[in-house]
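Student: I would like to see how this sequence folds:
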Amino acid sequence: MRRARVPERLASPRARGLCPAADRRVRAGRPRRAGRPLLSALRAEPAWRFGRPAGAGNMSSPINDVLRKIPSVEVLLLAPELAETAVEYPRDVIRAAVRAAVAATRKHLLAAMPDDADQAQLQRTVVALALGELRMAREPHYRKVINATGVILHTGLGRAVLPPAALRHIVEDLSGYSLLQMDVTTGRRGSRDTRIQWLLRQLTGAEAATVVNNNAAATSLVLHTIGRGREVIVSRGQLVEIGGSFRLPEVMEVSGAKLVEVGTTNKTHARDYERAITENTAAIMRVHPSNYKISGFTSEVPLSTLIDIAHARGVLVYDDLGAGAIVDVAQFGFAPEPTLRDSVSAGADLISCSADKLIGGPQGGIILGRAECVQAVRKNPMARIVRPGKLALAALEATLPLLLDEKRAIAEIPTLRMLARGLREIAEQAERIAAALCERRVPAAVSTAKGYSQMGSGSLPTQNLPTRLVVIEPEREPAGALARRLREYRPAIFTRTQKERVLVDPRTVLDGEEPVLIDALVGVLAAQG
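Tutor: Sure thing, here's the model as predicted:
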């Protein structure tokens with residue numbers, strides 16, 4: 001079998017053998033940070049830096065001598081720390097962890113090219129790395145943290161906090177077999193989102209609805225359904241890129257739709273859309289700017305005008321609302337945000353949004369609109385590829401009923417509750433936390449200050465909420481070191497840092513977490529080096 005060749009244009013000069021000597025000189029001459037332990041260097045270096053340098057087959061004897069000092073796998077398995085793990089893990093698992101640790105150590109040494117190394121230190125390093133590998137088998141990655149950043153929809157911390165009603169529904173009704181996709185009347189296979197469809201129709205006024213696993217999937221599915229092989233018109237000012245390099249032009253290409261750009265970055269007029277419509281036009285797409293804002297000399301076409309233009313020519317309108325508000329966020333101090341009901345009332349044929357942003361539910365993508373359009377989306381074979389699982393469906397089914405009563409929604413959906421928190425309430429909490437730290441005489445200067453919370457996850461860009469921060473200036477270590485040790489605490493505490501100060505925003509500290517947060521701050525501050 002012939003080995004696949006790396007295309008010449010993708011191969012680096014080093015991979016093509018053009019500069020092996022220069023590469024060796026650079027690596028051999030790279031100074032190591034003075035006093036930096038090998039284990040710390042291994043943990044700090046990204047994996048891609050561990051590559052074998054060019055010309056490694058002709059390595060000088062010093063690096064060969066260093067590599068020979070790495071103990072063998074059999075010797076390492078006899079180390080007391082690893083021998084003790086035999087009670088908890090099979091020997092094959094321990095051996096694999098040791099081999100991975102040895103490989104990581106070799107790669108680091110090949111990258112650093114040290115002239116010498118202490119054999120005992122190398123053994124301690126490899127053993128520590130192996131124990132870290134074994135912890136992956138025991139300790140869950142997904143665990144509870146306290147979000148003291150003030151970012152309400154923190155993508156890295158799971159976005160929307162699920163309402164208690166959603167958690168109860170999952171635990172009580174999904175702990176065994178559950179009624180996922182069966183019709184109890186006929187005993188035959190049915191729809192898995194019947195009640196969710198009904199709830200979304202009640203909340204938005206749409207004729208029909210369906211759910212997929214996120215809004216990126218919803219966008220791809222809608223475009224594939226209505227635009228495959230045809231043209232979809234989008235304003236140049238709405239050709240967005242969201243997290244993970246998810247770019248709308250590339251999504252269009254993958255979906256099979258042909259992107260037709262109109263207008264300019266800052267200004268698009270009705271006449272631009274009118275001129276772009278052809279016999280091959282499937283839809284006009286409006287993309288709500290969820291993670292950016294263009295201000296100043298700007299102009300955009302209202303959704304109602306787009307619908308008039310499109311429907312007069314027999315063209316569909318797809319409105320991608322992104323964050324997807326059901327509750328009007330203007331009451332929380334934000335600029336008015338289009339709601340799902342607004343888009344339905346305007347006459348959009350298809351609308352999509354996230355379920356885990358302003359709705360405050362689990363990760364999901366909501367698609368709603370005219371019945372015949374939604375039905376076409378549901379029949380698309382791709383719909384099965386992106387359908388959500390029972391956990392997400394159950395959480396969403398328990399979240400949506402809360403939104404039927406706005407007051408109840410604000411009280412019981414954590415995302416909306418955090419948005420609605422008044423500055424006075426937050427300031428009182430900040431003062432309590434600061435006072436508790438001072439009473440316990442932590443080695444730090446503690447105060448409170450004005451600040452701002454953020455919505456996060458690309459929702460409500462450029463808009464912030466006034467808040468009151470707890471400001472901690474540690475006496476014995478940099479703020480970054482304190483923030484890192486707080487993240488390593490159990491439960492992990494995530495904060496912000498600014499100008500050698502650790503900032504704690506109580507807005508995102510949930511009910512019942514304040515005592516745990518205070519104890520963590522006291523303990524970690526007391527343990528400063």
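
Student: Am I right that E514 is in contact with I433?
Tutor: Yes: the criterion here is C-beta atoms under 8 Å, and E514 meets it with I433 at 6.8 Å. (Glycine included, C-beta is placed from N, CA and C.)

Student: So which of those two has more stuff around it?
Tutor: A count of neighbours by other C-beta atoms under 10 Å puts I433 above the other of E514 and I433, at 22 against 16.

Student: Now that one. Nearest residue, chain neighbours left out?
Tutor: Leaving aside its chain neighbours, I433 sits nearest to V470 (5.0 Å; criterion: C-beta to C-beta, 6 or more residues apart in numbering).

Student: what separates the host helix or strand of that neighbour from the chain centre, distance-wise?
Tutor: Assigned by DSSP states H and E, V470 belongs to strand 464-474. With C-alpha atoms, centre = their mean, to the nearest Å as the basis, strand 464-474 stands 24 Å off its chain's centre.

Student: Check which helices and strands it is in contact with.
Tutor: If you count contacts as 3 or more C-beta pairs under 8 Å, 6 or more residues apart in numbering; DSSP states H and E, strand 464-474 packs onto helix 423-439, strand 444-454, helix 479-487, strand 501-504, helix 514-526.

Student: and the second one with helix 479-487, angle?
Tutor: For the pair strand 444-454 and helix 479-487, the angle between their directions (axes from the mean of the first three to the mean of the last three C-alpha atoms, to 10 degrees) equals 80 degrees.

Student: just checking, what packs against strand 444-454?
Tutor: Applying 3+ C-beta pairs under 8 Å, 6+ apart, one finds that strand 444-454 contacts helix 423-439, strand 464-474.

Student: List the buried residues of it.
Tutor: 444, 446, 448, 451, 453-454 (16 or more other C-beta atoms under 10 Å).

Student: Pick the one among these closest to L350.
Tutor: Distances from L350 to the buried residues of strand 444-454, taken as C-beta to C-beta, are shortest for Q454 (29.9 Å).

Student: P466 is in contact with the closest one, correct?
Tutor: No: applying C-beta under 8 Å, one finds Q454 not in contact with P466, separated by 11.6 Å.

Student: For S191, what is the enclosing helix or strand?
Tutor: Per DSSP H and E: S191 is located in neither a helix nor a strand.

Student: burial of it, as a residue count?
Tutor: 12.

Student: Give me the neighbour count for the residue nearest to it when sequence neighbours are not counted.
Tutor: Ranked by C-beta to C-beta, 6+ apart and with sequence neighbours excluded, the top spatial neighbour of S191 is Q181, at 7.0 Å. Q181 is flanked by 14 other residues according to other C-beta under 10 Å.

Student: phi, psi of Q181?
Tutor: phi -140, psi 40 (degrees, to the nearest 10).

Student: for it, what are its contacts?
Tutor: When contacts are counted by C-beta atoms under 8 Å, 6 or more residues apart in numbering, Q181 is found next to 189-192.

Student: Report pLDDT for it.
Tutor: We have a pLDDT of 86 for Q181.

Student: domain assignment for this structure?
Tutor: 22-138, 192-408, 419-526 (automatic domain parsing).

Student: A83 versus the nearest residue to L129 once chain neighbours are set aside, what's the distance?
Tutor: Closest residue to L129 apart from its sequence neighbours, by C-beta to C-beta, 6+ apart: A101 at 3.7 Å. Distance, A101 to A83, by C-beta to C-beta, to the nearest Å: 15 Å.

Student: So between those two, which is more surrounded?
Tutor: Taking other C-beta under 10 Å, A101 and A83 do not tie; A101 has more neighbours (25 against 11).

Student: Wait, that one touches E133, no?
Tutor: Yes: if you go by C-beta under 8 Å, A101 and E133 touch, sitting 6.2 Å apart.

Student: and S191, how far is that from A217?
Tutor: To A217, S191 is 18 Å away according to C-beta to C-beta.

Student: Could you list the buried residues of the helix or strand harbouring I94?
Tutor: Following DSSP H and E, the helix or strand that holds I94 is helix 91-112. Neighbour-count burial for helix 91-112 flags 94-98, 101-102, 104-112 (criterion: 16+ other C-beta under 10 Å).

Student: how far out from the middle of the chain is that helix?
Tutor: With C-alpha atoms, centre = their mean, you get 30 Å for helix 91-112.

Student: ok, then the element right after it?
Tutor: Taking DSSP H and E, what comes next after helix 91-112 is helix 119-138.

Student: by contact count, what packs against the very next helix or strand once past that following helix?
Tutor: Next in sequence after helix 119-138, counting helices and strands by DSSP H and E, comes strand 145-147. Judged by 3+ C-beta pairs under 8 Å, 6+ apart, strand 145-147 is in contact with strand 492-494, helix 514-526.

Student: Let's have the helices and strands packed on strand 444-454 in JSON lines, adding distance to V73 and mean pLDDT.
Tutor: Output for the helices and strands packed on strand 444-454, formatted as JSON lines (distance: least, C-beta to C-beta, whole Å; pLDDT from 0 to 100):
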{"stretch": "helix 423-439", "distance to V73": "48", "mean pLDDT": "96"}
{"stretch": "strand 464-474", "distance to V73": "42", "mean pLDDT": "94"}
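
Student: Which stretch among the ones you listed is buried most, on average?
Tutor: Of the helices and strands packed on strand 444-454, the one with the most neighbours on average (mean count of other C-beta atoms under 10 Å) is strand 464-474, at a mean of 21.

Student: hmm, who's touching that one?
Tutor: 150, 332-333, 419, 423, 426-427, 429-431, 433-434, 437, 443-455, 479, 481-482, 500-507, 521, 525, 528.

Student: what do you get for stretch 217-230?
Tutor: Residues from elsewhere that reach stretch 217-230 (C-beta under 8 Å, 6+ apart): 212, 232, 248, 251-252, 254-258, 280-283, 285, 316, 318, 320, 350, 352-353, 365-367, 373, 376-377, 380, 382-383, 386.

Student: Adding distance to L129, write the helices and strands packed on strand 444-454 out as CSV.
Tutor: Shown next, in CSV, are the helices and strands packed on strand 444-454 (distance: least, C-beta to C-beta, whole Å):
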stretch, distance to L129
helix 423-439, 36
strand 464-474, 29
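
Student: Tell me which of these lies nearest to K69.
Tutor: strand 464-474 (38.5 Å).

Student: Give me the angle between the closest one and strand 444-454.
Tutor: Relative orientation of strand 464-474 versus strand 444-454 (the same axes, to 10 degrees): 160 degrees.
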